[in-house]
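J.: heads up, no residue letters with this:
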């Protein structure tokens, strides 16, 4: 079924909100469009329509997509929009979800080459990105030899992997590059039931090691993976904000390295405090800079590898007022008394009600909330506003060409 829609505004998703002409209250979602446009759309599922014929375009917002894989690849959703319009739409979304306009907007100095990590899916003996679902619901692997969002080193890794025939049990692969040294790391995920037999893995690693500083082999099922073996090294050092940090493919790092210094500058308290607690600390990206603003700091992370990396960085930087803990965020906070500053950087699911309720019990004087999901941030802020007000905000436009 094909219908006509007027595009209204961006959504926090790959889609834009649209309505039939004539003041209808019906809401539809169309990808690859822009506010002010009129399109004929073909129904796909659950209110989602595929744009098939433009009747009016917003040329002030549009550009010719600079990547030849767009829009077939699922990695970018907004590459048809001019970079400045992308940022404007994100500011609009920020206002809609947070309730205020950001006091500061930090924009990536380049829309390309910014990512230091990527995740590739396996199909048969191939690795690649998935095709956008509205072109093919099976989301087959696209035959890519580069991605313009990725650091040059990652694209070199893609080029190497493209010439490799992998065992059939390969489910996915992760790539990480140290942008300061150029070291590349490869993480291979094999399905446990189809794990390669004999010396196939070892032979594969020997073949690939000249191109990679380290190769980690994992076995499991989708979200549950166990490390089998590492070939080569599995850590690398960077300097951010004057502090030495340690990276590993087994621990999260902020993906846009072009914004590392600027992002770090934003995450600081409004005043100095006696006691601080940082939850979801990861490798310590914010930790060591935060330690300058408190007399004592406790930093926790559920991932023990990330905590070990923070401990290495603590010794390397000579930081004395820091205690690193491996703990679930809620369990850690329950053990804390007399809290002044709380810093949280949760995964996409946000803090969640139990953790927010514990925060409201502890009543720290100041909270810094770093969020990567406007939806969960909006939900958590509604609860936190029982005792707190938002006094300063910043928007970090960390992922150009995506929503």
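T.: Looks like it arrived, so ask away. Every value quoted in this text rests on a predicted model; they were computed, and no experiment measured them.
J.: contacts, neighbours, all on C-alpha from now
T.: OK.
J.: sec struct for residue 238, please.
T.: strand (DSSP: H, G, I helix; E, B strand; the rest coil).
J.: let the chain start at 402 from now.
T.: All right, first residue 402 from here; so that's residue 639.
J.: okay, it and residue 714: tell me how far apart.
T.: Using Cα to Cα, to the nearest Å, residue 639 is found at 10 Å from residue 714.
J.: again with residue 675
T.: Taken as Cα to Cα, the span from residue 675 to residue 714 is 22 Å.
J.: pick out whichever of the two has more residues nearby.
T.: residue 714 (21 against 13; other Cα atoms under 10 Å).
J.: what number of residues lie near residue 750?
T.: A count of nearby residues for residue 750, using other Cα under 10 Å, gives 12.
J.: wait, what's in contact with residue 731?
T.: By Cα atoms under 8 Å, 6 or more residues apart in numbering, residue 731 lies in contact with 755-756, 759.
J.: now with 10 Å, please.
T.: 680, 752-753, 755-760 (Cα atoms under 10 Å, 6 or more residues apart in numbering).
J.: and the nearest residue to residue 770 once chain neighbours are set aside, backbone torsions?
T.: Of all residues not flanking residue 770 in the chain, residue 745 sits nearest, at 5.1 Å (Cα to Cα, 6 or more residues apart in numbering). Torsion angles at residue 745 (phi, psi; degrees, to the nearest 10) stand at phi -130, psi 140.
J.: hang on, isn't residue 745 packed against residue 730?
T.: Yes. Using Cα atoms under 10 Å, residue 745 is in contact with residue 730, at 9.0 Å.
J.: which neighbours do the two share?
T.: With Cα under 10 Å, 6+ apart, residue 745 and residue 730 have common neighbours 679-682, 752.
J.: let me know the closest of these to residue 623.
T.: Distance to residue 623 across these (Cα to Cα) is lowest for residue 681, with 22.7 Å.
J.: mind checking pLDDT for that closest one?
T.: On pLDDT, residue 681 comes in at 98.
J.: and it, how far is that from residue 729?
T.: Distance from residue 681 to residue 729, by Cα to Cα: 8 Å.
J.: then residue 671?
T.: Counting by Cα to Cα, the gap from residue 671 to residue 729 is 27 Å.
J.: now residue 589: closest residue in space that isn't a chain neighbour?
T.: residue 574 is the one closest to residue 589 (Cα to Cα, 6+ apart), at 4.6 Å.
J.: what is the neighbour count of residue 693?
T.: With other Cα under 10 Å as criterion, residue 693 counts 15.
J.: do the same with residue 764
T.: By other Cα under 10 Å, 17 other residues sit near residue 764.
J.: surely it touches residue 739?
T.: Yes. Contact criterion Cα under 10 Å: residue 764 and residue 739 qualify, at 9.0 Å.
J.: can you give me the pLDDT of the residue nearest to residue 589?
T.: pLDDT recorded at residue 574 is 95.
J.: and it, what does it touch?
T.: Counting by Cα under 10 Å, 6+ apart, residue 574 has contacts 519-523, 528-529, 587-591, 617-619.
J.: ditto for residue 463
T.: Residue 463 makes contacts with 433-435, 479-484, 486-487, as judged by Cα under 10 Å, 6+ apart.
J.: buried among those residues? Make that a ChimeraX selection.
T.: Restricted to buried positions by 16 or more other Cα atoms under 10 Å, the ChimeraX selection for these reads:
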select :433,434,435,479,480,481,482,483,484,487
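J.: ok, the contacts of residue 463 vs residue 494, which is closest?
T.: Relative to residue 494, and with distances defined as Cα to Cα, the nearest of those is residue 487, at 10.7 Å.
J.: mind listing what's buried along the helix or strand where that closest one lies?
T.: Element membership for residue 487 (DSSP states H and E) is helix 484-499. Neighbour-count burial for helix 484-499, counted by 16+ other Cα under 10 Å, picks out 484, 487-488, 490-495, 498-499.
J.: between those, which sits nearest residue 565?
T.: Comparing those against residue 565 with Cα to Cα places residue 484 closest, at 35.4 Å.
J.: related to what we said a few turns ago, where does the residue nearest to residue 589 fall, secondary structure wise?
T.: Per DSSP H and E: residue 574 is located in strand 571-578.
J.: quick check: angle from that strand to strand 637-641?
T.: Angle of strand 571-578 versus strand 637-641, following axes from the mean of the first three to the mean of the last three Cα atoms, to 10 degrees, is 50 degrees.
J.: quick one on the thing from earlier: quick check: the residue nearest to residue 770 vs residue 756, distance?
T.: Distance, residue 745 to residue 756, using Cα to Cα: 11 Å.
J.: which neighbours do these two have in common?
T.: Contact criterion Cα under 10 Å, 6+ apart; residues bridging residue 745 and residue 756 by contacting each: residue 730.
J.: which pLDDT value belongs to the residue nearest to residue 770?
T.: 98.
J.: equivalent analysis for residue 772, please.
T.: 98.
J.: for whatever helix or strand residue 608 lives in, name the packing helices and strands.
T.: If you go by DSSP H and E, residue 608 is part of helix 601-609. On a contact count with 3 or more Cα pairs under 10 Å, 6 or more residues apart in numbering; DSSP states H and E, helix 601-609 meets helix 553-563, strand 585-592, strand 615-622, strand 625-633.
J.: a markdown table please, covering the ones you listed and showing distance to residue 570, mean neighbour count and mean pLDDT.
T.: Below are the helices and strands packed on helix 601-609 laid out as a markdown table (distance: least, Cα to Cα, whole Å; neighbours: other Cα atoms under 10 Å; pLDDT from 0 to 100):
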| stretch | distance to residue 570 | mean neighbour count | mean pLDDT |
| --- | --- | --- | --- |
| helix 553-563 | 16 | 19 | 95 |
| strand 585-592 | 5 | 24 | 96 |
| strand 615-622 | 10 | 21 | 96 |
| strand 625-633 | 14 | 14 | 95 |
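J.: count of residues packed around the residue lying closest to residue 512 once chain neighbours are set aside?
T.: Nearest residue to residue 512, sequence neighbours excluded (Cα to Cα, 6+ apart): residue 801, at 5.2 Å. For residue 801, the count of nearby residues is 23 (other Cα under 10 Å).
J.: go on, residue 423?
T.: Counted with other Cα under 10 Å, residues neighbouring residue 423 total 8.
J.: what pLDDT is listed against it?
T.: Taking residue 423 on its own, its pLDDT is 86.
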